[in-house]
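Asker: Just a sequence and a predicted model for now, questions to come.
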Amino acid sequence: MDTRTLSDSQLVELLEGEESVSRNLIDEYYRRCIPIYLDFLGIHWHTGFYREQDTGVSPLDQERMVDHIAGLVGISEHDHVLDVGCGIGASVVYLNLKYSCRATGLTPVREQKLLAEKLARGKGAEISIDLGHAESLPYPDNSFDVVCFFESSCHFADRQQFFHEVFRVLKPGGRLVGEDWLATDLSDLTAAEKWIEPICKTWAIPMLGDPEEYQTLLKSASLADVEVADMQTLMPLHKGFAVTDKDQQILNEEIEDATSPLLRLTLKGLVELGKAMAAGAFSIGQIRATKPMQTE
Ligand SMILES: C[S@@+](CC[C@H](N)C(=O)[O-])C[C@H]1O[C@@H](n2cnc3c(N)ncnc32)[C@H](O)[C@@H]1O
C-alpha cells in the first residue's frame with residue numbers, strides 16, 4: 001500500500017481498524033504527526049521522570065528521564081551509544097552533550113532524521129542519525145557499548161527480532177537500557193481488551209508488551225542481568241497522564257472541538273492512556289540487560 005496517498009481520515013481509519021497496524025502505516029503516522037507531537041510533547045517524545053514537589057510538568061522532567069535511564073547503565077564518555085527509534089533526536093543530542101559519549105540515533109522516518117540533524121547543529125552536538133528499522137539494525141556486529149530506547153519499542157511489531165539485533169550489535173559486556181509503555185498484565189484478557197487495545201488503536205502500536213513478555217524476549221535473545229521494573233514504584237508517574245475526571249473532561253471537550261483527524265486521534269489516545277493508568281492496567285517500565293562477556 002502506498003500510505004502517502006492516504007488522506008489523514010483514511011490513515012486514522014486504518015489505525016483504528018481491526019487489522020494489525022503495519023510498519024509502513026506506523027512510519028507514515030510518525031511522518032504526519034511531527035507537528036502534533038512537537039505541540040504536545042516538545043522535542044522529547046517521551047514521558048518525564050516526575051517529582052512530587054513540582055507543580056505541573058516540564059521539559060526538565062523529560063531530561064530527568066534521560067538522565068535516569070543513562071544512570072542505570074552508567075553512560076560515560078567512553079561509550080558509543082545507539083538510540084533506536086530516536087524521533088527528532090532530543091535524547092541522542094542530550095546524551096552527547098551531557099555525557100560526552102559518542103552517540104548515534106536511528107529512525108525510519110526521513111523527516112525525523114532531518115529535524116534531528118538540525119537540532120544537533122543548533123545545539124552544537126556531534127551525533128549521527130541513520131535511517132532504518134529496529135528489526136534490522138544497519139550496523140555490523142559488536143558495534144556499540146550501549147543500545148538505548150525511549151518509548152519506541154512499543155511500536156516494534158517483532159520485539160523478539162529487535163532484541164536479537166541488540167544482542168548482535170552490542171559489544172560483549174555492552175548494555176541495553178530503555179523505558180517504554182507497558183501493559184501491567186496481559187494475562188488479564190478482560191483488562192487487555194478493555195484498556196490496552198484502545199491504547200494500541202490510538203497510538204499506532206501493534207501490541208503493547210507486559211513485564212513478563214519483555215523478560216522472556218530479552219532472555220530468549222541471550223541477554224543477561226535482565227530487569228524490567230514498573231516506574232510507578234519510582235516516581236509519581238500519574239502526573240504525566242490524564243487520570244482525573246477533570247482531566248478526562250477537558251480532553252473530551254477538546255475532542256469535540258478538534259477538526260483534524262490526527263489531532264482527534266491524539267486526544268482520544270490521551271483519554272485512553274489516562275483511563276488505563278487509573279485502572280492500573282497501564283504503566284511505564286524501565287528495561288535493562290547486558291550482553292555477556294563470553295558468548296557461545
Ligand atoms: C514515541 S516516539 C519516541 C521518539 C524518541 N525516542 C523520543 O523519546 O523522543 C517513537 C519513535 O519510534 C519510532 N519507530 C516506530 N517504529 C519503529 C521501528 N520499527 N524501528 C525504529 N523506530 C521506530 C518512531 O518513528 C518514533 O520516532
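Answerer: Yep, that arrived.
Asker: The longest strand seen in the chain and the ligand, any residue contact?
Answerer: Using DSSP state E, we find that the single longest strand of the chain is strand 170-183. No - judged by Cβ under 6 Å from any ligand atom, strand 170-183 and the ligand are separated, with a smallest distance of 8.6 Å. Placement of C-beta: from N, CA and C, glycine included.
Asker: Name the next helix or strand downstream of that strand, please.
Answerer: Of the helices and strands lying after strand 170-183 in sequence (DSSP states H and E), the nearest is helix 189-191.
Asker: Secondary structure element holding residue 35?
Answerer: Using DSSP H and E, residue 35 sits within helix 34-41.
Asker: Just the CA trace of the following helix or strand past that helix, in PDB.
Answerer: As assigned by DSSP H and E, the chain's next helix or strand after helix 34-41 is helix 59-72. Extracted as PDB, the C-alpha positions of helix 59-72 are listed here (Å, rounded to 0.1, in the frame of the first residue of the first chain):
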ATOM      1  CA  PRO A  59      10.700  19.500  29.600                       C
ATOM      2  CA  LEU A  60      13.100  19.200  32.600                       C
ATOM      3  CA  ASP A  61      11.100  16.100  33.600                       C
ATOM      4  CA  GLN A  62      11.900  14.500  30.200                       C
ATOM      5  CA  GLU A  63      15.600  15.300  30.500                       C
ATOM      6  CA  ARG A  64      15.500  13.800  34.000                       C
ATOM      7  CA  MET A  65      14.100  10.700  32.400                       C
ATOM      8  CA  VAL A  66      17.000  10.500  30.000                       C
ATOM      9  CA  ASP A  67      19.400  11.000  33.000                       C
ATOM     10  CA  HIS A  68      17.700   8.300  34.900                       C
ATOM     11  CA  ILE A  69      17.900   5.800  32.100                       C
ATOM     12  CA  ALA A  70      21.600   6.800  31.300                       C
ATOM     13  CA  GLY A  71      22.300   6.400  35.000                       C
ATOM     14  CA  LEU A  72      21.000   2.800  35.100                       C
END
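Asker: What lies in contact with helix 59-72?
Answerer: By Cβ atoms under 8 Å, 6 or more residues apart in numbering, the surrounding residues in contact with helix 59-72 are 41-44, 46-51, 54, 90-91, 94-95, 98-99, 148, 150, 177-179, 240, 286, 288.
Asker: Neighbours of residue 95, how many?
Answerer: Neighbourhood size, residue 95 [other Cβ atoms under 10 Å]: 26.
Asker: Looks like it contacts residue 86 (just checking).
Answerer: No - with contact defined as Cβ atoms under 8 Å, residue 95 does not reach residue 86; the gap is 10.0 Å.
Asker: Which residue ranges of the stretch 1-150 of the chain form helices?
Answerer: Secondary structure of the stretch 1-150 of the chain (DSSP state H, counting those that start in this stretch): helices at 8-16, 23-32, 34-41, 59-72, 90-99, 110-123.
Asker: tell me the pLDDT at residue 1?
Answerer: Looking at residue 1, its pLDDT reads 81.
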